[in-house]
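Asker: Sequence first, then the predicted structure:
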Amino acid sequence: MAKRVFHIAFLVALAAGCGEDEPLGFEAGPLGAVEVDADATVQVRSMLPLTGLQNISESIQKAIELAVEDYGPIHGRLVALNQPVDTMCSSDGGSEGARQLAADPQVVGVIGPACSEASVGASPVLSAAGLSTISPANASPDLTSDLAGNRGPDYHPGYFRVYSNGLYQAQAVAHFAYDELGLRRMATIHDGDSVTQGLATAFANAFNALGGEVVAIATVSKGDTDMSAVLADFAAAEPDGIFLPLFAAEGYHLVSQAKAFDGLEEVTLIAGSSTSTQEFLEKPESERVYLSGHDSHFGTNANQVTGKDVNALSADYQAATDANFFFHAYDATTLLLSAIESVAVDEGGKLYIDRVALREEIAATTDFQGIIGTLTCDEFGDCGTGRVNIYYHADSSVTDVAQLPVEYQFAP
């Protein structure tokens with residue numbers, strides 16, 4: 001009898017002990033779950049190009065911090081961001097930063113990376129660790145899909161973005177150049193980066209499909225300043241226009257030198273969204289250039305979670321150096337936080353956030369009303385609106401692309 005009483009007591013104690021780690025009614029999925037104590041914080045991180053693109057990083061981080069503040073606690077627990085991880089806008093930097101985050105079992109989700117090339121390195125590491133990421137700034141088609149149901153070579157489960165697939169931008173530029181400007185011969189250029197090469201290739205395909213001819217596709221390296229060899233090849237090909245989806249530094253050197261290069265003085269220049277930064281726009285040589293980028297005219301759109309719109313965030317928006325990335329980051333953060341709150345299970349004094357459930361919740365996003373527009377995620381993580389504007393830059397005293405006149409609007 002004594003042995004039977006001991007056996008029952010042991011089973012009761014064992015059941016009670018197991019309940020401390022995994023409460024009745026909760027069962028972690030195959031990727032595990034994050035456990036958050038009652039007095040602990042929900043850990044969210046950001047991955048940004050602090051080295052190289054400081055202004056963009058500051059705008060994105062400011063928006064993330066503001067969104068966390070506006071959102072408030074999740075089941076009574078504050079959200080902690082800590083310091084952003086520097087990806088250096090490179091694949092190696094992205095993979096190294098991802099390994100840092102993957103090593104911390106308390107990290108629930110990630111906002112970023114902000115550079116497509118960094119996501120190429122980070123995405124497989126974060127995916128394998130079960131993390132969910134939402135980028136406010138990636139455009140490379142390789143990270144998601146070709147928008148025709150075929151996954152990109154760098155797609156990994158758990159990756160999402162609110163910034164639109166670059167294929168939309170390529171289509172917008174092709175239609176603007178061919179239909180609106182009447183250009184028939186175009187040249188384009190990239191630096192081998194996932195996003196610039198993807199945009200140049202997609203633009204060439206789209207422009208050729210319309211009946212135009214891409215007469216030259218050139219490659220430069222990051223950090224190049226002398227564009228004379230490339231410009232000589234372009235001049236020999238006699239294009240009507242050049243589409244340059246480069247980053248700001250290389251874009252500036254190509255634009256400034258093209259305007260003075262024999263045979264290219266009157267060629268139409270159309271830059272990509274990666275060029276449309278304060279550093280580029282403030283230079284006088286950037287004038288008389290068309291800029292393609294995601295829709296920056298958000299009107300009265302309000303974020304459905306916080307109720308904030310452009311006017312409500314005007315002071316913070318004016319302090320940011322890049323409004324477009326600022327509002328994309330704000331919406332991305334509130335989308336992630338609302339998904340975390342939706343799947344979190346609060347039992348036994350702990351909060352349990354299942355990693356598979358979080359991915360599924362984000363993937364199921366439909367008609368999420370953000371400041372940047374209505375967001376719906378597809379099967380490969382594309383959640384952006386697909387809307388693209390072509391702006392005209394005539395005055396270098398205007399350094400915010402959102403304040404430039406819109407020459408053309410594209411919507412899928």
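Answerer: Yep, it's here.
Asker: Could you report the neighbour count for residue 412?
Answerer: Per other C-beta atoms under 10 Å, the neighbour tally for residue 412 reads 14. For glycine as for every other residue, the C-beta is placed from the backbone atoms N, C-alpha and C.
Asker: so what's it up against?
Answerer: Under the criterion of C-beta atoms under 8 Å, 6 or more residues apart in numbering, the neighbours of residue 412 are 168, 386, 387.
Asker: Top of the residues you listed by number of neighbours, please.
Answerer: Neighbour-wise, the contacts of residue 412 (other C-beta under 10 Å) top out at residue 168, 24 neighbours.
Asker: Would you agree it falls within a helix?
Answerer: Yes - Residue 168 sits within a helix when classified using DSSP: H, G, I helix; E, B strand; the rest coil.
Asker: Looking at it now. What's its pLDDT?
Answerer: Residue 168 carries a pLDDT score of 97 in this model.
Asker: Equivalent analysis for residue 12, please.
Answerer: 37.
Asker: Just checking, which helix or strand of the chain averages the lowest pLDDT?
Answerer: Ranked by mean pLDDT, DSSP states H and E, the weakest helix or strand in the chain is helix 2-21, scoring a mean of 38.
Asker: residue boundaries of the strands in the stretch 151-300 of the chain?
Answerer: Using DSSP state E, counting those that start in this stretch, the strands assigned to the stretch 151-300 of the chain run over residues 159-161, 185-190, 213-219, 241-244, 268-271, 289-294.
Asker: Report the strands that pair with the third one, each with its relative direction.
Answerer: According to DSSP bridges, the neighbouring strands of strand 213-219, each with its direction, are strand 185-190 (parallel).
Asker: Make CSV out of the contacts of residue 412 and add distance to residue 370.
Answerer: Shown next, in CSV, are these (distance: C-beta to C-beta, whole Å):
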residue, distance to residue 370
168, 17
386, 14
387, 12
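Asker: Can you tell me which of these comes closest to residue 323?
Answerer: Nearest to residue 323 out of those is residue 387 (C-beta to C-beta; 15.3 Å).
Asker: Distance to residue 349, mean neighbour count and mean pLDDT for the strands of the stretch 151-300 of the chain - can I get that in JSON lines?
Answerer: Shown next, in JSON lines, are these (distance: least, C-beta to C-beta, whole Å; neighbours: other C-beta atoms under 10 Å; pLDDT from 0 to 100):
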{"stretch": "strand 159-161", "distance to residue 349": "31", "mean neighbour count": "28", "mean pLDDT": "98"}
{"stretch": "strand 185-190", "distance to residue 349": "53", "mean neighbour count": "25", "mean pLDDT": "98"}
{"stretch": "strand 213-219", "distance to residue 349": "58", "mean neighbour count": "17", "mean pLDDT": "98"}
{"stretch": "strand 241-244", "distance to residue 349": "56", "mean neighbour count": "26", "mean pLDDT": "98"}
{"stretch": "strand 268-271", "distance to residue 349": "54", "mean neighbour count": "22", "mean pLDDT": "98"}
{"stretch": "strand 289-294", "distance to residue 349": "44", "mean neighbour count": "24", "mean pLDDT": "93"}
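Asker: mind listing what the residue nearest to the spatial centre of the chain touches?
Answerer: By C-alpha atoms, centre = their mean, the chain has its centre lying nearest to residue 137, at 2.5 Å. By C-beta under 8 Å, 6+ apart, residue 137 lies in contact with 56, 60, 112, 113, 114, 115, 161, 163, 325, 328, 329.
Asker: Now it, what are its backbone angles?
Answerer: phi -150, psi 0 (degrees, to the nearest 10).
Asker: Nearest residue to it in space, ignoring adjacent ones along the chain?
Answerer: Excluding the flanking residues, the one nearest residue 137 by C-beta to C-beta, 6 or more residues apart in numbering is residue 114, at 4.2 Å.
Asker: That neighbour reaches residue 328, doesn't it?
Answerer: No - Residue 114 is not in contact with residue 328 according to C-beta atoms under 8 Å; the separation is 9.6 Å.
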